[in-house]
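Trainee: show me the folded form of this:
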Amino acid sequence: MSYTAQNIGERIRQCRREHSLTQEQLAEKVNIAPNYLGQIENGRRGVNLTNLVKIANALDVTFDYLMSEVSSDAIEKSDSVKKRWLALINGRSPKEQELLIKIVSDLSYTLFDN
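Mentor: Okay, here's the model as predicted:
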């Protein structure tokens, strides 16, 4: 598994944008210079582990999420699927939510695990 500065930077940029943060706002949260964050996001500079953990915490993601090799397209598709699932259960009672989870779980088992 290779962790390139470019891949990590792209992931950080994507997460920052999802949180509607500017580079300046995120840099302030993690106590680094905005131009340094810009260089990280563009893959021109690496980031040390301490700052990477601070960035992950500020973006409310895990360290391994920032380090993963999943492509941006795959992440966007995954986020889209998550949003669709959430749309299905939002506004439902806890009992209805549990029923939907059970139905999907049973159906998944029947279709794919049997």
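Trainee: now the end-to-end length of stretch 63-82.
Mentor: For stretch 63-82, the separation between the terminal residues is 20 Å (CA to CA, to the nearest Å).
Trainee: who's in contact with residue 32?
Mentor: Residues in contact with residue 32 (CB atoms under 8 Å, 6 or more residues apart in numbering) are 51, 54. Placement of C-beta: from N, CA and C, glycine included.
Trainee: where does residue 20 land in three-state SS?
Mentor: In three-state terms, and counting by DSSP: H, G, I helix; E, B strand; the rest coil, residue 20 is coil.
Trainee: burial check on it, number of neighbours?
Mentor: Residues near residue 20, counting by other CB atoms under 10 Å, number 7.
Trainee: how about it, phi and psi?
Mentor: Here is the backbone geometry of residue 20 (degrees, to the nearest 10): phi 50, psi 40.
Trainee: and residue 62, by the same measure?
Mentor: For residue 62, the backbone dihedrals (degrees, to the nearest 10) come out as phi -90, psi 160.
Trainee: one more: residue 103?
Mentor: Phi and psi for residue 103, reported as degrees, to the nearest 10, are phi -60, psi -50.
Trainee: how close does it get to residue 34?
Mentor: With distances taken as CB to CB, to the nearest Å, residue 103 is found 48 Å from residue 34.
Trainee: least trustworthy helix or strand in the protein by mean pLDDT?
Mentor: Every helix and strand in the chain was compared by mean pLDDT, DSSP states H and E; the lowest is helix 72-89, with a mean of 75.
Trainee: and the pLDDT for residue 109?
Mentor: Predicted confidence (pLDDT) for residue 109: 85.
Trainee: please disregard the earlier target; I meant residue 2.
Mentor: pLDDT at residue 2 comes out at 51.
Trainee: kindly report the same for residue 68.
Mentor: For residue 68, pLDDT reads 75.
Trainee: show the contacting residues for it.
Mentor: residue 11.
Trainee: so where's this structure uncertain?
Mentor: Applying pLDDT under 70 to the chain flags the ranges 1-3, 69-76, 78, 114.
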